[in-house]
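Visitor: Sharing a sequence plus its predicted fold:
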Amino acid sequence: MKPLISLVFLYWNAPTWTIASLESIIRYMTVPFEIIIVNNGSEEELNKEVMVKGKIINEMSNCTKAVMINNEKNLGVTKGFNIGLVDVNPKTSYISMYANDWVMTPKWDVNMIEAMESNPRHGMMTSCTNWGAGSMMTDRNNPADWKQQVHLEPTDDKFWEAVEMIADKQHQVKRVTPNRFVCMGFFVKKECYDDVGLFDERIQCANDVWFSRVAGVKGWLSMTCWNAYIQHGFHQSFKQINDPETYSYIKPLEAEDYKLINSDKRCNP
């Protein structure tokens, strides 16, 4: 059985969200998938918990492969993902660059695939979320509901019940809309990934923007799937890194690279 989706799961500490994120994969992934777990220099106690979850995932009937790659130190978001991407099954259909502060919800996988396949030019898809750019945020017309979504934590009582209720509400919003870049549940068609290749390791927090811009230049559309929901822990991991040595390998960007990342033009051609 070949995987339909390859999850490249990158984590650095943030134990509460990391374990909840893996638990959501156990609960809600229904299609054939593989997972490449990349430990970016996390604390040993968390790594032991991740290995336990990894074994459970590996025993799931729809999991074709579960492997763990251990980096001795934190190599940053971009290089960490690239290390995992190298190990993706070449026959997979979709790749999700999956961060450890994302919690998927029911029907995330099937709804993302359905949205992706609704147009052959769809190359990248993002989920709607509680935290993110405006073009992927859930409806904030009801401030009380939105405030509840924003502050949901895996430690809360009835966390899973709450995120499932939000997801169920989003399932009624069956639409796909253009988006400037892919972020939550970064979901890419394998042909699109083959066109773009690995992330540019000079770029860190804007790696998703860079990928979307390059793919857009090559003719791929970047979209938001509104009936697939991700609960986001709002940068519980990598954005907290401020050690200059972590990024010492990064080369300065050229002017054209900045222009591409910061362009106001929608990446959709």
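Guide: Now that the structure is in, tell me what you want to look at.
Visitor: For stretch 12-25, C-alpha coordinates in PDB please.
Guide: Only the C-alpha atoms of stretch 12-25 are listed here, as PDB (Å, rounded to 0.1, in the frame of the first residue of the first chain):
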ATOM      1  CA  TRP A  12      11.100  21.300  18.900                       C
ATOM      2  CA  ASN A  13      10.000  21.000  22.500                       C
ATOM      3  CA  ALA A  14       6.500  22.500  23.300                       C
ATOM      4  CA  PRO A  15       5.500  19.100  24.900                       C
ATOM      5  CA  THR A  16       1.800  19.800  25.400                       C
ATOM      6  CA  TRP A  17       1.200  20.800  21.800                       C
ATOM      7  CA  THR A  18       3.600  18.200  20.300                       C
ATOM      8  CA  ILE A  19       1.800  15.300  22.000                       C
ATOM      9  CA  ALA A  20      -1.700  16.700  21.200                       C
ATOM     10  CA  SER A  21      -0.700  17.100  17.600                       C
ATOM     11  CA  LEU A  22       0.400  13.500  17.300                       C
ATOM     12  CA  GLU A  23      -2.700  12.400  19.200                       C
ATOM     13  CA  SER A  24      -4.800  14.200  16.600                       C
ATOM     14  CA  ILE A  25      -3.100  12.200  13.800                       C
END
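Visitor: the longest strand in the protein is where?
Guide: Ranked by number of residues, the top strand in the chain under DSSP state E is strand 221-232.
Visitor: Check the offset of the helix or strand encompassing residue 215 from the chain's centre.
Guide: Residue 215 belongs to helix 207-217 when elements are defined using DSSP states H and E. Relative to its chain's centre, helix 207-217 lies at 15 Å (C-alpha atoms, centre = their mean, to the nearest Å).
Visitor: Likewise for stretch 103-114?
Guide: Worked out by C-alpha atoms, centre = their mean, stretch 103-114 lies 12 Å from the chain centre.
Visitor: Tell me which residues are up against it.
Guide: 4-5, 17, 20-21, 24-25, 27-31, 33, 93-94, 125, 127, 154, 163-164, 166-168, 171, 185, 187, 225, 227-233 (C-beta atoms under 8 Å, 6 or more residues apart in numbering). No exception for glycine: its C-beta is placed from N, CA and C like everyone else's.
Visitor: hmm, try it at 6 Å
Guide: 20-21, 24, 28-31, 125, 163-164, 167, 187, 225, 227-229, 231 (C-beta atoms under 6 Å, 6 or more residues apart in numbering).
Visitor: got the buried residues for it?
Guide: 103-113 (16 or more other C-beta atoms under 10 Å).
Visitor: export these to CSV and tack on pLDDT, secondary structure and distance to residue 54?
Guide: Shown next, in CSV, are these (pLDDT from 0 to 100; DSSP: H, G, I helix; E, B strand; the rest coil; distance: C-beta to C-beta, whole Å):
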residue, pLDDT, secondary structure, distance to residue 54
103, 93, strand, 17
104, 95, strand, 16
105, 95, coil, 21
106, 96, coil, 22
107, 96, coil, 24
108, 95, helix, 20
109, 96, helix, 18
110, 96, helix, 23
111, 95, helix, 25
112, 94, helix, 22
113, 96, helix, 24
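Visitor: hey, where'd the helices end up in the stretch 151-269 of the chain?
Guide: Taking DSSP state H, counting those that start in this stretch, the helices of the stretch 151-269 of the chain run over residues 159-170, 190-196, 207-217, 255-262.
Visitor: Which elements pack onto the longest one?
Guide: For helix 159-170, the elements it packs on are strand 221-232, judged by 3 or more C-beta pairs under 6 Å, 6 or more residues apart in numbering; DSSP states H and E.
Visitor: and the angle from the strand it packs on to helix 159-170?
Guide: If you take axes from the mean of the first three to the mean of the last three C-alpha atoms, to 10 degrees, strand 221-232 sits at 150 degrees to helix 159-170.
Visitor: Average pLDDT for strand 221-232, rounded please.
Guide: For strand 221-232, mean pLDDT is 89.
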